[in-house]
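Undergrad: could you work out the structure for the sequence below:
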Amino acid sequence: AGRGSPVHLVELCAQRMRGWQPWGPPFRRLLRPVVDFPADFAGPHGYTRDSLERDGEPAQAVFAAFAEYVGWRSLVSYNLAHGLNEVLSQEWSRHGIAPIGQAGFCALRLAYRLLDPVPAGSCSLQTLRHYYRLPEHGGNTAWDNLQTVVDLLGTVLAPVAAKRGLDTWDKVAAYAREEWYPSRLTFGKHKGRSIHDAPQNPE
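TA: Predicted structure coming up:
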């Protein structure tokens, strides 16, 4: 939905991980629309109202399967605050579903901190995929983005984390959650400048 409008989930994907590598089959489901999208509706993911009505499943069935897939595990997402708080939690509340799993850590925050200063200039998934020459997965669906996150974790972030002694789940999660400040400014007229220039630059 548009900015300021309620977010309605149309695709839910997940991949269990063992360490930095995928473990077992992934989870992928489309959800049948619960709002009356316009006939010409097509979000950035490319799904249409007709395709979702044809291939989607009722939310209750999708989340029941997701709960079985997740079990007691922690949820990690690229931009966890948005994915968990603004999308999943809202959907669970809308459908009267108990929360599934537990909050893990934000993979986007982890990427920013491990790669700081970010050589690609941005930690958007598509930018990092191009910069590190990760496999092309076809589009901007949740499924495509999930596969890119898995590639990023195993190929790019795992070696950096290992060099910093982040060899357990608890260490990685704590590292991702800790407050920190990037070494280079990421916005404004001083974008790209080192934070260490601040004491010498009154602006």
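
Undergrad: count the residues that sit near Pro25.
TA: 9 (other CB atoms under 10 Å). (Each C-beta comes from the backbone N, C-alpha and C, glycine too.)

Undergrad: nope, Glu53 is what I meant
TA: 12.

Undergrad: residue contacts, it?
TA: For Glu53, the contacting residues are 32-33, taking CB atoms under 8 Å, 6 or more residues apart in numbering as the criterion.

Undergrad: give me the element it is part of.
TA: According to DSSP states H and E, Glu53 maps onto helix 49-55.

Undergrad: identify the residue spatially nearest to Gly19, adjacent ones excluded.
TA: With CB to CB, 6 or more residues apart in numbering as the measure, Ala158 is the residue that lies nearest to Gly19, at 7.9 Å, once sequence neighbours are left out.

Undergrad: what of Arg32?
TA: Counting by CB to CB, 6+ apart, the nearest residue to Arg32 once its immediate chain neighbours are dropped is Gly56, at 3.6 Å.

Undergrad: just to revisit the earlier point, state the distance from the residue nearest to Gly19 to Glu179.
TA: Spatial separation of Ala158 from Glu179 under the definition CB to CB, to the nearest Å is 23 Å.

Undergrad: between these two, tell me which one has more neighbours.
TA: When neighbours are counted by other CB under 10 Å, Ala158 comes out ahead of the other of Ala158 and Glu179, with 17 against 4.

Undergrad: what are the ranges of the helices in the chain?
TA: 49-55, 59-70, 80, 89-95, 107-115, 125-131, 142-151, 158-163, 169-177 (DSSP state H).

Undergrad: quick one: list the elements packing against the last one.
TA: Helix 169-177 is packed against strand 102-106, helix 107-115, with contacts defined by 3 or more CB pairs under 8 Å, 6 or more residues apart in numbering; DSSP states H and E.

Undergrad: adding mean pLDDT, distance to His82 and mean neighbour count, write the ones you listed out as JSON lines.
TA: Converted to JSON lines, those look like this (pLDDT from 0 to 100; distance: least, CB to CB, whole Å; neighbours: other CB atoms under 10 Å):
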{"stretch": "strand 102-106", "mean pLDDT": "95", "distance to His82": "9", "mean neighbour count": "17"}
{"stretch": "helix 107-115", "mean pLDDT": "96", "distance to His82": "9", "mean neighbour count": "21"}
